[in-house]
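Peer 1: Got a predicted model here, sequence first, then my questions.
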Amino acid sequence: MKHGLSAELIESLNLVPSCIIIVSPDLSVLMANEYAKNYCRINSEKFDDLMLPKGLEEIFKGVDPSSDKQIRIIKRWFADNFDKLSASHAKLEFINAFPGISYNTLSIESQIGAIIVNFGIIPRFGEEITVSEYELAFRSMTNDTEILISIVDDYGNIKFRNYAWERFMGKGMPNEGRFRWEDSIHHDDMEAFQQHLYEAIQSRSAFSAEFRMQDYLGKYRWLKIRGTPRLNIHNRFLGYICTGIEISEAKHHMEDLIRLNDELLKSHDQLIAKKEELQAAFDAAELGSCSLDIATLKLEMSKEYRNHYGLPLTGDINWEMVTAAVEPEYRTEVNFVLDQAATQGTPVDSTYPIRHLISGERKWMRVVGKVRRNEHNIPISVFAVVMDVTRYMEEENRKNEFIAMVSHELKTPLTSINGFAQLLSYKGSHGKSEAVTIIADKIQRQVKRMGRLIEGFLNISKLDASQLEIIKERFNLIDLIKEMREEFINEISTHEIVFTSTANHVIHADRERIGMVIHNLISNSMKYSPPGSAIIINYKLQDGNLLFSVSDQGIGILPGEEERLFKRYFRSKNRRIYTIAGFGIGLYICAQIIRLHNGLIWAESHSKQNGSTFNFSIPQ
Ligand code: ADP
């Protein structure tokens, strides 16, 4: 016997139901007992005299193929601690370092003759083997769950996956080579996950990651994987136990939510932009906006709205403050409109005059609003815009006055015509031909007058539509003057009409419309100067312009009104014209006609003597 162990010792070791090997002081395996040989199915011939690592490898290769490292550690431990192997504290240290394994020394002549290593009933190789024992229980436990469970080593290699994983991927772990889990991860998620995992491995810390992985149908599904570090009893990091669940649904919900949120943000931005646009448009149109809470009668009011009424530009506004600005006789109506909106939900459209609360200026306001209702269809608030319609209302009033005036003006010559026609018929039936001629002339004059009136009214509507057309022709002004002269001098006896010029000037202009201007100026002079006074008409060509003037000795022009006379509907504030009929369009039409000839028209008042001069010039 090479090992020199007594036969009794060998026999008694062979009876022990525990894996025992005997190691020589040079750390080669001297023998393994029967239990070890049976359990590990070792060929005893081959086993003899193997050095410890090889021998242990032989013993444990069938039990735990990954035990190489442990074998080397055990060998090193024996080599390093050889001198003190017999000491009881060394034996204790060994048990602590390699749980489940113990040793004893056999002394021969007070030297270590052999080391008896006992691996217990099931051969154990320190913690690695301990793990593999638990692994069996672990495997059977994990296979019943839907949770994806895996064990990963400290290089990120998968060492174990449960059935849930296999069901998910439709394939088991390969028998040989590394399981290439990376190939199944969505390439968009791969880099982030790998980095995350390796950072976690480096810091030996727990990790959590989300990524898409291909399932058995090749479809990508979202997984959330958590890794908990695995440590041995010496706190050595061994890798991770990973658990995973599918989060596709949550992820899709989340994606939907994110998309929805993005859309909401976008529409929120659009809404703000639209609101700003609307506000800009409101401001540009000088529109005020407000909303009224029906329950509290509290108002949210834009600056423009407050400006219109002269309300404080900041601070709370209530309904009473608004109605205080409304002209008293309209307050009942304004309150009625609000009441209808509040109780019936009737849309608001109301036009009423106010007095500006600061300046006292009278203005017309139009308020247009809609009622908002709650889910029970009950009106809760009114949103309204307000605009200043003073100009429109004034225009409207003037138009009404204008129509009244037109009707009146047209009725006068018509009444005359009617009277003359009756007279004509009477005289005709009594054979008074001379009288017939005179009356017929009068009728003709009235008809002409009416024609001019109608022409004037037509012109103003054409001016409104910018349709007034100028048809220029060459004509001798003296011919036009002669016609005027005949009309005025022969028919008008109230004033002394003096034509001071008789020059022949061929001009280029719209004969009819220039005639209308001259007729208007002369008629005005007659209207605004006392009967019997002179009206002087003069014209000349000067520096390529025709200069035309009509002077009278009438009421003159109030200082500051010279230019305003040519504005539409303007009538002087001069009290002396109150009894004189007119509606402020004659000079306006004259100015438009002259403007269309690229000319100028202006009025002068004679400060010393009474009266005024109206001039126009047109380039030739
Ligand atoms: P109307 O005479 O119908 O009021 P016009 O447009 O012809 O309208 O004249 C505008 C205003 O100009 C008149 O209301 C009057 O105040 C003033 N006006 C016109 N002609 C004269 C004039 N010859 N003398 C003084 N005021 C005049």
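Peer 2: That came through, no problem. What you are looking at is a predicted structure, and each value in this text was computed from that prediction instead of being measured. Numbering: from 1, shown residues only.
Peer 1: so how far is Gly227 from Arg204?
Peer 2: Counting by CB to CB, to the nearest Å, the separation of Arg204 from Gly227 is 11 Å. All C-beta spots, glycine's among them, are computed from the backbone N, C-alpha and C.
Peer 1: which of those two has more neighbours?
Peer 2: Gly227 (23 against 16; other CB atoms under 10 Å).
Peer 1: what residues are up against the more buried one?
Peer 2: Contacts for Gly227 (CB atoms under 8 Å, 6 or more residues apart in numbering) come out as Val152, Leu197, Ala200, Ala206, Phe207, Ser208, Tyr240, Ile241, Cys242.
Peer 1: most neighbours, which of the residues you listed?
Peer 2: Busiest of the contacts of Gly227 [other CB under 10 Å] is Tyr240, holding 26 neighbours.
Peer 1: shaky segments in the stretch 101-250 of the chain?
Peer 2: 121-137, 139-140, 171-178, 233 (pLDDT under 70).
Peer 1: Same question for the stretch 501-620 of the chain.
Peer 2: Of all residues in the stretch 501-620 of the chain, those with pLDDT under 70 make up the ranges 607-609.
Peer 1: so which helix or strand takes in the most centrally placed residue in the chain?
Peer 2: Relative to the mean C-alpha position of the chain, the nearest C-alpha, by CA atoms, centre = their mean, is the one of Gln270, at 1.5 Å. Assignment of secondary structure by DSSP states H and E places Gln270 within helix 248-284.
Peer 1: what's that helix packed up against?
Peer 2: Helix 248-284 is packed against strand 220-231, with contacts defined by 3 or more CB pairs under 8 Å, 6 or more residues apart in numbering; DSSP states H and E.
Peer 1: Can you list the buried residues in the strand it packs on?
Peer 2: Within strand 220-231, the residues that qualify as buried are Tyr220, Arg221, Trp222, Leu223, Lys224, Ile225, Gly227, Pro229, Arg230, counting by 16 or more other CB atoms under 10 Å.
Peer 1: Could I get the CA-only coordinates of that strand as CSV?
Peer 2: Taking only C-alpha atoms (Å, rounded to 0.1, in the frame of the first residue of the first chain), the coordinates of strand 220-231 have been written out as CSV:
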residue,chain,number,x,y,z
TYR,A,220,-42.0,42.2,-29.7
ARG,A,221,-43.4,42.5,-26.3
TRP,A,222,-42.5,44.9,-23.5
LEU,A,223,-40.8,43.3,-20.5
LYS,A,224,-39.8,44.8,-17.2
ILE,A,225,-36.9,42.9,-15.7
ARG,A,226,-35.5,43.4,-12.2
GLY,A,227,-32.2,42.0,-11.1
THR,A,228,-31.3,41.3,-7.5
PRO,A,229,-27.7,40.6,-6.8
ARG,A,230,-26.7,37.1,-5.8
LEU,A,231,-24.0,37.0,-3.2
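Peer 1: strand partners of it, parallel vs antiparallel please.
Peer 2: Applying DSSP bridges to the sheet, strand 220-231 is found paired with strand 207-214 (antiparallel), strand 237-246 (antiparallel).
Peer 1: These: which one's closest to the ligand?
Peer 2: Between the ligand and those, the shortest gap by CB to the nearest ligand atom is with strand 207-214, which sits at 84.5 Å.
Peer 1: For that closest one, buried residues please.
Peer 2: Using 16+ other CB under 10 Å as the burial criterion, the residues of strand 207-214 that qualify are Phe207, Ala209, Glu210, Phe211, Arg212, Met213, Gln214.
Peer 1: got it, and stretch 604-620?
Peer 2: With burial defined by 16+ other CB under 10 Å, the residues of stretch 604-620 counted as buried are Ser605, Gly611, Ser612, Thr613, Phe614, Asn615, Phe616, Ser617, Ile618, Gln620.
Peer 1: Could you do stretch 327-340 as well?
Peer 2: If you call a residue buried by 16+ other CB under 10 Å, then stretch 327-340 has these buried ones: Tyr330, Val334, Val337, Leu338, Gln340.
Peer 1: For that stretch, give me every contacting residue.
Peer 2: Defining contact as CB under 8 Å, 6+ apart, one finds that stretch 327-340 is touched by 292, 319, 323, 326, 346, 348, 350, 352-355, 362, 382.
Peer 1: can you tell if the lengthiest helix in the chain touches the ligand?
Peer 2: In terms of residue count, the longest helix belonging to the chain (DSSP state H) is helix 390-429. No - between helix 390-429 and the ligand, judged by CB under 6 Å from any ligand atom, nothing touches; the nearest distance is 8.5 Å.
Peer 1: from the chain's centre, how far out does that helix sit?
Peer 2: What separates the centre of helix 390-429 from the centre of its chain is 59 Å, taken as CA atoms, centre = their mean, to the nearest Å.
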